[in-house]
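**Student:** Okay, predicted coordinates and the sequence, questions at the end:
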Amino acid sequence: MNFTFTEDQQMFAEAARSVLTAEVTSDRIRERWSTASGLDRSLLKQVQELGLPGMLVPEALGGLGLGQTDFVMMAQTCGYVACPEPIVEQVMVTAPLLVDVLDKGLGDGSVQTALDALQSGALVATGHPINPFINFAEQAEWFLLGHGEGLYLLPANAVTVKPSKSVDPSRRIAEVTFEATDAHCLAKGESGAALWRATLNRGALATAAQLVGLAQAMIDQSVRYTTDREQFGKAVGANQAVKHLLADVAVQIEYAKPVIYRAAYTAEISPTRADLAVSHAKVAAARAALLASRHCLQAHGAMGYTWECDLQIWVKRAWALAREWGDEGFHKNRIHEWLLRPNALLGPDLTFGRGSITDSVAA
Amino acid sequence: MDLRYTQEQIAFRDEVRSWLEANVPKTPLPSFDTAEGFEAHRAWERTLAQGNWGMVTWPEAFGGRGCDLLEWLIFEEEYYRAGAPLRVNQNGIFLLAPTLMEYGTEAQKARFIPAMAKGDEIWAQGWSEPNAGSDMAAIRCRAVRDGDDFVISGQKIWSTRAVYADWVFGLFRTDPASERHHGLSKILVPLNAEGITVRPIPQLNGLPGFAEIFFDEVRVPAFNLLGGEGEGWRIAMATAGFERGLMLRSPARFQQAAKRLVELYRSRSNEVLDPTIEDAVLRCYMDAEAYALSTYQTASLLCGGGSIGPEASCNKIFWSELDLLIHETAMKLLGARAEIEPQTAQEFVDLGTWLDGFMFAQSGPIYAGTNEIQRNIIAERMLGMPRK
């Protein structure tokens, strides 16, 4: 039993953090808002050179062969800087799905082609049936899409993309439709359903990690603002009422993080048992991020309600991500269904499941 | 990161479980805030000590087992799972003992820890005074050095367990010219010393869970000074850290309560319920898990040689508000019958101890530093917001 990150994991996360905080600034995020693609291609190139897209891809397939717990802190950092590019989805959702498909020997050569494209910096979009739209669909070169329980892989020229405008100007969402033909089908029935189930957990986990990063960034901005801004001859942040708004958010973040790390570990070690851990992570992270959005906007006073104030970049991302990959209702219902089972493993001795069953005993 | 127990940890859990199954009283003990219940709980402490289970993290020489914090968590999980009695000596074993281990002399450890372990000496705490509550640095109760003794005069209040306890530890002003957090010392005082008057204060449930203590020229040997003279504030902050943090409220307590809440909820799920209950039950389950996970994270960090940062201040808010939500939700599930204070065996079966827990939960956000003070600490020390 050791619930800490290794030095390597921390160093890797630190390296990614220094790149992302230097490259993804609010000014440059705003520049993206007026471009056609909304993407910063130079950032995607840097990320590709660091090997991030293939971080969770086995070495035999050209990747770094690492796991979800190795990447989860980086996903948090992507949230912290409000990175518009769908890096986290590429690394944590799409690449593992393609690897799963290859592992099972499903599909034809196009699967390897799509995975190679992803590792070369191209966007490969995953359209899970739970999400009504795909972010940056217009920029994707390949699509993994669902129809019933089926999983399909299609090139961009085989799908129809219908964009909508997101409340978050950094997001470029679109509905994607396609004709489900056997030629593009990778898996059907239970095999397809199982792939989509694991993908849902990865997507929800990826989103949860970004949400706590967003919440932490909002707190940090609010501390700076309420320290600098003076009223009645003192910093507004010296008032208890303002302090308590931010302290409440800090508490929620503090208790969402270990839940997310447990979910990352569970999703990596035992994907079939990850539903509960992941749903808990998504609910806790969304709660922290939505509370941060409200309290931090309040702490900024009228400035928080302006287009000029950078806080909106994080607030609006939280509004969007809180509902992506299963909203609060979806995830709470998964937990509720489990809690109602008479054989649910509940209680102080079962935090990590049954300590005595073989698969949860350390060597 | 490896979230699996080792074979040794599993064996330890099995050993704890078997011992508790054989030894935990089959019927609940009376409240330790009654004379009868206090002695029954003292007897339970002696039973624990006989099995060397009194405080597993203590060295074997002091009646412990030299366990690390992860094993302590496992012990606590089994303890609450088994429904074992609350620890009447929690002021001693959870709050004073860690301070004694860190700041006490060898002679002091030998004098106080074995007696604490055996339940021979049960401890009360003496922090607050009538004009020093949340503002603890306003303490005025004085201890004047006189040869080899200190002579203590003044008053303490809200002293938990002081009505039936044997000893009290607290902060006293040893430098009469000092102000605020300077010139304070931590001193251990026997409650049967001449010049002490204990006046019980009935709590919300009518039982005297705390008391006022009046000191009238009470003479104690200088041996009872813990740490250096004038070092009291620093030492007290260490104790307050233990209290707010890991020791006093281990997550197992809330996980067990959340489990009981889920069982109560399942038993009523065919009834028409307040629609907010489902959400509250989910939140209680999730937050109890989150508190456990966070504690495992902290314990792992400490076991690996790391140290706790200012984020530990979040603990107290989180568990005390969770405890309130668990019991408020149980009250909602019990409906109008939640009002009944169980007297008969049937009433205990139907209503359990939810009302008692609900009343006690009201105190969580107040004791060990109110949650308002905790939020200030988080804002100033963890987030770095301006003090004034």
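**Tutor:** That came through, no problem. In this text the structure is predicted, and so the values were computed from the model without any measurement.
**Student:** Below-threshold pLDDT in chain B: ranges please.
**Tutor:** Applying pLDDT under 70 to chain B flags residues B:239-246.
**Student:** mind listing the helices for it?
**Tutor:** B:7-23, B:35-50, B:69-81, B:90, B:97-103, B:106-117, B:232-244, B:251-268, B:276-303, B:314-334, B:345-351, B:354-361, B:371-377 (DSSP state H).
**Student:** possible to save those as a markdown table with mean neighbour count?
**Tutor:** Heads up, the C-betas are built off the backbone N, CA and C, glycines and all. A markdown table is the format used below for the helices of chain B (neighbours: other Cβ atoms under 10 Å in any protein chain shown):
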| stretch | mean neighbour count |
| --- | --- |
| helix B:7-23 | 15 |
| helix B:35-50 | 18 |
| helix B:69-81 | 22 |
| helix B:90 | 20 |
| helix B:97-103 | 19 |
| helix B:106-117 | 18 |
| helix B:232-244 | 19 |
| helix B:251-268 | 21 |
| helix B:276-303 | 22 |
| helix B:314-334 | 22 |
| helix B:345-351 | 12 |
| helix B:354-361 | 18 |
| helix B:371-377 | 20 |
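**Student:** Out of these, flag the one nearest residue A:295.
**Tutor:** Proximity to residue A:295, assessed across those by Cβ to Cβ, is greatest for helix B:371-377 (12.1 Å).
**Student:** need the longest helix for chain A.
**Tutor:** Under DSSP H, chain A gives helix A:189-228 as its longest helix.
**Student:** Tell me which helix or strand comes right after it.
**Tutor:** strand A:230-231 (DSSP states H and E).
**Student:** Next SSE downstream of that following strand?
**Tutor:** Next helix or strand after strand A:230-231 toward the C-terminus (DSSP H and E): strand A:234-235.
**Student:** which other residues reach that following strand?
**Tutor:** Contact with strand A:234-235 is made by A:226-229, B:386, B:388, as judged by Cβ atoms under 8 Å, 6 or more residues apart in numbering or on different chains.
**Student:** if we can go back for a sec, I'd like the helices of chain B written out as a markdown table, with distance to chain A added.
**Tutor:** A markdown table is the format used below for the helices of chain B (distance: least, Cβ to the nearest Cβ, whole Å):
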| stretch | distance to chain A |
| --- | --- |
| helix B:7-23 | 5 |
| helix B:35-50 | 18 |
| helix B:69-81 | 4 |
| helix B:90 | 18 |
| helix B:97-103 | 22 |
| helix B:106-117 | 24 |
| helix B:232-244 | 13 |
| helix B:251-268 | 4 |
| helix B:276-303 | 4 |
| helix B:314-334 | 4 |
| helix B:345-351 | 20 |
| helix B:354-361 | 16 |
| helix B:371-377 | 4 |
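**Student:** For residue B:151, find the nearest of these.
**Tutor:** Closest to residue B:151 of these, according to Cβ to Cβ: helix B:232-244, at 16.6 Å.
**Student:** circling back: distance to residue A:84 added to the helices of chain B, as CSV?
**Tutor:** Formatted as CSV, the helices of chain B follow (distance: least, Cβ to Cβ, whole Å):
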stretch, distance to residue A:84
helix B:7-23, 44
helix B:35-50, 58
helix B:69-81, 41
helix B:90, 52
helix B:97-103, 48
helix B:106-117, 59
helix B:232-244, 40
helix B:251-268, 38
helix B:276-303, 30
helix B:314-334, 31
helix B:345-351, 55
helix B:354-361, 45
helix B:371-377, 34
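**Student:** Looking at those helices, which is nearest to residue A:169?
**Tutor:** That would be helix B:276-303 among the helices of chain B, by Cβ to Cβ, at 32.5 Å.
**Student:** what's the angle from that closest one to helix B:251-268?
**Tutor:** 160 degrees (axes from the mean of the first three to the mean of the last three Cα atoms, to 10 degrees).
**Student:** so helix B:276-303 versus helix B:314-334, what angle?
**Tutor:** Using the same axes, to 10 degrees: helix B:276-303 against helix B:314-334 is 150 degrees.
**Student:** dump the residue contacts of residue A:304.
**Tutor:** Counting by Cβ under 8 Å, 6+ apart, residue A:304 makes contact with A:296-298, A:311.
**Student:** from these, which is closest to residue A:144?
**Tutor:** Checking those one by one against residue A:144 (Cβ to Cβ), the nearest turns out to be residue A:311, at 34.1 Å.
**Student:** re the thing from before, closest one to residue A:125 among the helices of chain B?
**Tutor:** For the helices of chain B, the distance to residue A:125 is smallest for helix B:276-303, at 31.3 Å, taking Cβ to Cβ.
**Student:** which helices and strands does the closest one pack with?
**Tutor:** helix A:240-269, helix A:275-299, helix A:328-339, helix B:69-81, helix B:251-268, helix B:314-334 (3 or more Cβ pairs under 8 Å, 6 or more residues apart in numbering or on different chains; DSSP states H and E).
**Student:** export these to a markdown table and tack on distance to residue B:16?
**Tutor:** Compiled in a markdown table, those are given as follows (distance: least, Cβ to Cβ, whole Å):
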| stretch | distance to residue B:16 |
| --- | --- |
| helix A:240-269 | 23 |
| helix A:275-299 | 26 |
| helix A:328-339 | 27 |
| helix B:69-81 | 4 |
| helix B:251-268 | 12 |
| helix B:314-334 | 22 |
